[in-house]
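Enquirer: mind folding the following:
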Amino acid sequence: MLMSAVVLLAVAVARAGDGVPIHYLDQGKGEPALVFVHCWSCDRHIWDAQVSAFSKDHRVIALDLAGHGESGRKRNDWTPPAFGGDVAAVVEKAGLKRVILVGSSMGGNIILEAARRLGDRVAGFVFVDTLTDFAQKTPPEQIEAVVQHFKADYKNEAASYINHYLFSRSTPPSVRKRVLAEAASAPPGISIAVLRGAMEYDPVPALRQIKVPIHAINSDLFPTNVEGNRKYAPQFQAVIMKGSGHYPMMEDPARFNALLADAIRDAGK
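Expert: From the prediction side, this is the model:
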């Protein structure tokens, strides 16, 4: 009997350590597996163009972190270590043995924390427009001021922040509309707690422990301190997508995918 080709495509659910259901897409075959982690107030669908492209040669996972997308919201801890547990739970549930972790914006912090739990399973990291200066810290009083502004008028403050800091002149209108709509529809209490956790996080202790390849695909919205970063992770490498905003995977998928393919080949050696 002849059978048509079947593409492995499934949305599954893992349970985080605190019991929160974490929904994830599982598609394709091949190692190392690629695990995509989204940014603040977005969901796994920011990676749709990458899932489609890379699942031809790799098993690809794209998850919704707790409080985002289809995943559960009953949680009190919204810090990168808690989110790292979400990623680790998905990797465990999917039975992945060798992974490359790809994290956008705050997803960079989260994959660092996931790696603490996953150990030797991690073959490499790809940071996407994040951690441009490992040593940079936001003063506590500045964090508190940002949080209070968001609490006072979440929707307008979120829109103002995104428009001012995260878009470039070339960011497509469709991407602008999508990002702003997702931020506006996010639960304010969760989004503000997540933002605080991301701003307070210090990546340096985790970075010092990493020996596998670290690649960054950054926009030129803010400068990347390559030499400074290498003080903490000598293997750090970065490429810059000039003219892109904070969402290069959606703004210019073809150019981004070519750069990501290079990073994956290096990390997968």
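Enquirer: name the nearest residue to residue 89, sequence neighbours excluded.
Expert: Using CB to CB, 6 or more residues apart in numbering and skipping the chain neighbours, the partner closest in space to residue 89 is residue 14 (4.5 Å). In this view, the C-beta of every residue, glycine as well, is placed from N, C-alpha and C.
Enquirer: hmm, I typed the wrong one, I wanted residue 193.
Expert: residue 78 (4.0 Å).
Enquirer: which phi and psi does that neighbour have?
Expert: Dihedral angles of residue 78 (phi, psi; degrees, to the nearest 10) stand at phi -110, psi 40.
Enquirer: also residue 18?
Expert: Per-residue torsions, residue 18: phi -90, psi 10 (degrees, to the nearest 10).
Enquirer: hang on, it packs against residue 78?
Expert: No. Residue 18 is beyond contact range of residue 78, at 11.4 Å (criterion: CB atoms under 8 Å).
Enquirer: which residue of the two possesses the greater neighbour count?
Expert: Counted by other CB atoms under 10 Å, residue 18 and residue 78 do not tie: residue 78 has more neighbours, with 20 against 15.
Enquirer: could you tell me how far the more buried one is located from residue 110?
Expert: Look at residue 78 and residue 110: by CB to CB, to the nearest Å, they are 11 Å apart.
Enquirer: equivalent analysis for residue 134, please.
Expert: Using CB to CB, residue 134 is found at 15 Å from residue 110.
Enquirer: tell me which of the two has more neighbours.
Expert: Legend: neighbour count by other CB under 10 Å for residue 134 and residue 110, higher for residue 110 (30 against 19).
Enquirer: how many neighbouring residues does the spatially closest residue to the more buried one that is not a sequence neighbour have?
Expert: Using CB to CB, 6+ apart and skipping residues adjacent in sequence, the residue nearest residue 110 is residue 83, 4.3 Å away. If you count neighbours by other CB under 10 Å, residue 83 ends up with 31.
Enquirer: got it, and the one 4 residues further on?
Expert: Counted with other CB under 10 Å, residues neighbouring residue 87 total 30.
Enquirer: pretty sure it contacts residue 36?
Expert: No. Using CB under 8 Å, residue 87 makes no contact with residue 36, being 9.9 Å away.
Enquirer: which neighbours do these two have in common?
Expert: By CB atoms under 8 Å, 6 or more residues apart in numbering, residue 87 and residue 36 have these common neighbours: residue 63.
Enquirer: quick one, what contacts residue 104?
Expert: With CB under 8 Å, 6+ apart, residue 104 has these contacts: 37, 38, 39, 42, 46, 128, 129, 130, 247, 249.
Enquirer: quick one: which of those sit in helices?
Expert: Counted as lying in helices by DSSP state H, out of the contacts of residue 104, are residue 249.
Enquirer: nearest to residue 225 among the contacts of residue 104?
Expert: Distance to residue 225 across the contacts of residue 104 (CB to CB) is lowest for residue 130, with 12.7 Å.
Enquirer: state the pLDDT value of the closest residue to that closest one other than its chain neighbours.
Expert: Nearest residue to residue 130 in three dimensions, chain neighbours excluded: residue 108, at 3.6 Å (CB to CB, 6+ apart). Note on residue 108: pLDDT of 98.
Enquirer: mind checking how far residue 108 is from residue 13?
Expert: Noted for residue 108: a distance of 25 Å to residue 13, by CB to CB.
Enquirer: more neighbours: these two, which one.
Expert: residue 108 (27 against 14).
Enquirer: could you look up the SS state of that one?
Expert: helix (DSSP: H, G, I helix; E, B strand; the rest coil).
Enquirer: got a list of what it touches?
Expert: Taking CB under 8 Å, 6+ apart as the criterion, residue 108 is in contact with 127, 128, 130, 131, 203.
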